[in-house]
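turn this into a model:
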Amino acid sequence: MIIDVHTHIFPPFIRENRAKFLSGEPDFALIYKDTSARMAGVEELIETMDQDGVDLAVTFGFPWSNRELARAHNEYILEAQTRYPGRIIGLACFNPLAEWAMEEAAGALDGGLKGLGELAVYGSGLNRKVRRTLTGLGALCQARDLPLLMHVNEPIGHKYPGKAPLTLKMIYNLVRDLKGVKLILAHFGGGLFFYNLLKREAPEVLAFVYFDTAASPFLYRADIYDLAVRIVGPEKILFGSDFPLIRPSRYFKEFESAGLNRETIQMIKGQSARNLLAGLINSG
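Sure, this is the predicted structure:
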């Protein structure tokens, strides 16, 4: 079973008139004001999954600051999950710093969405105030045994839209605060997985953290897959495409070119995610 844990879809009313939503949503404008930044609907996601052999996709929207917009987008995600049972698992997404975030999260989970993500704070770092809010949201997921997928990124290197001003210490502190949560760090955790090599503390803190591969072909050489496998094990690495940014087949070619063995590739492409999400997959 091949599982893509990191995909984005947008409802037609946003895809067809993105300019309308740039005002008042600086994070959305940062990433999507450029019309070459692709947005896709659930139909295109399913079509790409079929073409590339993906059985199941975890999908979500955007961390809107406007509550009505966030709710409408989350309703579209829920509709996609209902329309394609066994193919789509939907997560609720919104600006985690909004004063209504906890209430909206609880409502979305009560309504049938299967976790929270990709939660992101693009304009600031993960300071103590931000972490306190995310800890509350994490506790909500933990109480329901649901995953939380968090956007993080590498703290150095080239700039690009959506790259948040993070440090590894910020990410590490967040992981420590979210102990016990089914936590998935996007984009290889910004490189945090390397510190599993430390002899003390870090391996215990990172013990229950998962890392997805989203956007790796744009960010890293293919060597990262073998290195990550050797450091944290394939059971902690989840295939995520960041669709529609990159289609799944490109990753599959990179897994092969990185020299990973068949068993390891099978783990990354789906078995690791299947183990993590077993209850959600079985419940449909």
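
okay, Gly270 and Ala57: tell me how far apart.
Distance of Gly270 to Ala57, given as C-beta to C-beta, to the nearest Å: 11 Å. Placement of C-beta: from N, CA and C, glycine included.

oh sorry, the question was meant for Glu44
Distance from Glu44 to Ala57, by C-beta to C-beta: 12 Å.

do Ser249 as well
14 Å.

can you count the residues close to Tyr160?
11 (other C-beta atoms under 10 Å).

one more: the one 10 residues further on?
One way to gauge burial is a neighbour count; for Met170, by other C-beta under 10 Å, it gives 21.

my guess is it contacts Leu126. True?
Yes. Between Met170 and Leu126 there is a contact under C-beta atoms under 8 Å: 4.0 Å.

what's the overlap in contacts for Gly270 and Ala57?
Ile3 (C-beta atoms under 8 Å, 6 or more residues apart in numbering).

who has more neighbours, those two?
Taking other C-beta under 10 Å, Gly270 and Ala57 do not tie; Ala57 has more neighbours (27 against 20).

the more buried one reaches Ile9, doesn't it?
No. Counting by C-beta under 8 Å, Ala57 stays clear of Ile9, with 9.0 Å between them.

which residues do the two both contact?
Joint contacts of Ala57 and Ile9 (C-beta under 8 Å, 6+ apart) are Leu45.

so which helix or strand takes in the closest residue to Tyr84 other than its chain neighbours?
In space, and not counting its chain neighbours, Tyr84 is closest to Ile46: 6.2 Å by C-beta to C-beta, 6 or more residues apart in numbering. Here Ile46 sits within helix 42-52, counting by DSSP states H and E.

show me the helices in this protein, by range?
12-15, 26-32, 42-52, 67-83, 101-111, 128-144, 168-177, 202-205, 216-219, 223-232, 248-257, 262-266, 272-276, 278-283 (DSSP state H).
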